[in-house]
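>>> need coordinates for the following:
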Amino acid sequence: MSSLSNTELYSESADDFTYMKSLGLESNISTAAAEKVFYYHHDLKHWNASFPILVLIHGYPQSSFMWRHIIPLLPTTMPLFIPDVPGYGRSAPLEISHSKINTGLAILNILSTLIPQPSSIQPYPIILAGHDRGAHISQRLTVSAPHPSFKIIGTILLDITPSLTRWSSFSTPTVSVGGFHWPFLANASLAISMITAFGGDKWAEFCLERWSGNSASALAKFKDNNAWDVYTKDFKRESVVTASCDDYRAGAEEDVLLQEQDQKAGRKMDCPVLKIYSELFLGSKYDMRAVWEEFVGKDGKLELVSVGVGVGHFVAEEAPVETAEAMIRFYQRMS
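Residues are numbered from 1 along each chain as shown. You can find the predicted model right below:
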């Protein structure tokens, strides 16, 4: 496994970085090593809460680069915060558990440092949009509302089921086979050694291939800008493999236990929720409305948008136009 120096990891000449900069984004590339969480942002330096901040949180096995097709489709007036999840991409691993509450708080803590101070508007309105692991982080933050500086006024979840639902469905053989990586990665020490021996880059490519759809045009869009090279290169680093396995370990332990406690206590997402999902992927295995109605509270409102035509799990990259259109409509209703 490779171990990049800070000079290599935070190089401003890296192809993914230069591409994201070309979209009009700013970043903390020069201070990310000290700040631990790397991020891009748009229109935050003079943000005055006229529009809620859209926080885009990526999934596994990706980085913030997964939003490259979505960003150009969003209105230029939309404030954006786009981090690498702690332990992924250019962000350092946490020194504590990579539970969804810990990773989510790390993201919100660094965002709070970007808000112009002082401000009479608190808590600050934000909308969370997460894919895969980022969606699980978004769900946890929405239920727990752990940061006093922010009010989550809406949540967008891309192609997940709640962790509790996913684990409960493993009694179904096809679901168990399709989601084998959940228990595999949750056995973190074993998974780390096996992925390291196999090659982290090969493992990441296997996951990308396995979860993609069967549309040739969608797959080509997914691979645009050498995205797969960006993601597989990250997984050559043992720190990324280790942190991501701890992410899944937490998903099998403290995360799902907390979600179970929430459900028993009636703690749910009490804000508007947009659920975007692949008809081919999760949509073929679950009744998405029935599943998510159990996790949205009486003060929330659930909207579902399915993406079809052979699109797989990576809806933001395989079907960016349909995904962005749904996100924009939702955001505008929340603003």
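>>> may I see the buried residues of stretch 300-317?
Residues of stretch 300-317 classed as buried by neighbour count (16 or more other C-beta atoms under 10 Å): 300, 303-307, 310-317. All C-beta atoms are positioned from the backbone trio N, CA, C, and that covers glycine.
>>> just the buried residues of stretch 21-39, please?
Using 16+ other C-beta under 10 Å as the test for burial, stretch 21-39 gives 25-29, 32, 36-39.
>>> re the thing from before, of all the buried residues of stretch 300-317, the one with the weakest confidence?
In terms of pLDDT, Gly300 ranks lowest among the buried residues of stretch 300-317, with 87.
>>> ok, it touching Asp270?
Yes - look at Gly300 against Asp270 with C-beta atoms under 8 Å: they come within range, at 5.0 Å.
>>> show me the buried residues of stretch 300-317 that map onto helices.
Judged by DSSP state H, the buried residues of stretch 300-317 include 315-317 as members of helices.
>>> among these, which one lies nearest to Ile195?
Distance to Ile195 across these (C-beta to C-beta) is lowest for Glu317, with 22.6 Å.
>>> quick one: residues contacting the closest one.
66, 69, 221-222, 224, 227 (C-beta atoms under 8 Å, 6 or more residues apart in numbering).
>>> same check on Ile127?
52-55, 152-156, 330-331, 334.
>>> strands of the stretch 101-250 of the chain, residue ranges please.
Along the stretch 101-250 of the chain, counting by DSSP state E, counting those that start in this stretch, strands occupy 124-131, 150-158.
>>> in TSV, list the ones you listed along with distance to Arg289 and mean pLDDT.
What follows is these, written out as TSV (distance: least, C-beta to C-beta, whole Å; pLDDT from 0 to 100):
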stretch	distance to Arg289	mean pLDDT
strand 124-131	19	97
strand 150-158	13	98
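>>> and the ones you listed: which comes nearest Tyr286?
Using C-beta to C-beta, the strands of the stretch 101-250 of the chain put strand 150-158 closest to Tyr286, at 13.1 Å.
>>> any stretches of the stretch 1-150 of the chain with poor pLDDT?
1-7, 118-120 (pLDDT under 70).
>>> would you confirm that Ser239 contacts Pro93?
Yes - with contact defined as C-beta under 8 Å, Ser239 reaches Pro93; the gap is 5.7 Å.
>>> need the residues touching each of the two.
Contacts common to Ser239 and Pro93, judged by C-beta under 8 Å, 6+ apart, are Gly87.
>>> so which of those two has more stuff around it?
Pro93 (18 against 15; other C-beta atoms under 10 Å).
>>> relative to Lys285, how far out is the residue nearest in space to the middle of the chain?
Centroid-nearest residue in the chain, with C-alpha atoms, centre = their mean: Gly134, separated by 2.3 Å. Gly134 is 20 Å from Lys285, where distance means C-beta to C-beta, to the nearest Å.
>>> what of Thr18?
For Thr18, the distance to Lys285 - C-beta to C-beta - is 39 Å.
>>> Tyr60 too?
Applying C-beta to C-beta to Tyr60 and Lys285 gives a distance of 18 Å.
>>> between the two, who's got more neighbours?
Legend: neighbour count by other C-beta under 10 Å for Tyr60 and Lys285, higher for Tyr60 (21 against 15).
>>> list the contacts for the more buried one?
Tyr60 makes contact with 88, 132-133, 207, 244, 247, according to C-beta under 8 Å, 6+ apart.
>>> and if you look at Pro61?
So Pro61 contacts 203-204, 207-208, 231, 234-235, 244 (C-beta under 8 Å, 6+ apart).
>>> once you drop chain neighbours, what's closest to Ser66?
Check again: residue 66 is Met, not Ser. His58 (4.7 Å; C-beta to C-beta, 6 or more residues apart in numbering).
>>> so Ile53 is in contact with Tyr39, correct?
No - the pair Ile53 and Tyr39 fails to qualify as a contact (C-beta under 8 Å) at a distance of 11.8 Å.
>>> now the common contact residues for the two.
Listed as contacting both Ile53 and Tyr39 by C-beta under 8 Å, 6+ apart are 81, 111.
>>> where exactly do the helices run in the stretch 51-200 of the chain?
100-112, 133-144, 163-168, 173-178, 181-186, 188-198, 200-211 (DSSP state H, counting those that start in this stretch).
>>> what's the closest of the contacts of Ile127 to Pro116?
Nearest to Pro116 among these, with distances taken as C-beta to C-beta, is Ile53, at 12.1 Å.
>>> just checking, Phe281 touches Thr161?
No - look at Phe281 against Thr161 with C-beta under 8 Å: they stay out of range, at 10.5 Å.
>>> just to revisit the earlier point, looking at the ones in helices among the buried residues of stretch 300-317, spot the one nearest Thr113.
Among these, Ala316 lies closest to Thr113 (C-beta to C-beta), at 26.4 Å.
>>> give me the nearest residue to Gly200, chain neighbours excluded.
By the measure of C-beta to C-beta, 6+ apart, the closest residue to Gly200 outside its immediate chain neighbours is Phe235, 3.7 Å from it.
>>> wait, the one you found touches Phe198, no?
No - under the criterion of C-beta under 8 Å, Phe235 makes no contact with Phe198, lying 10.5 Å away.
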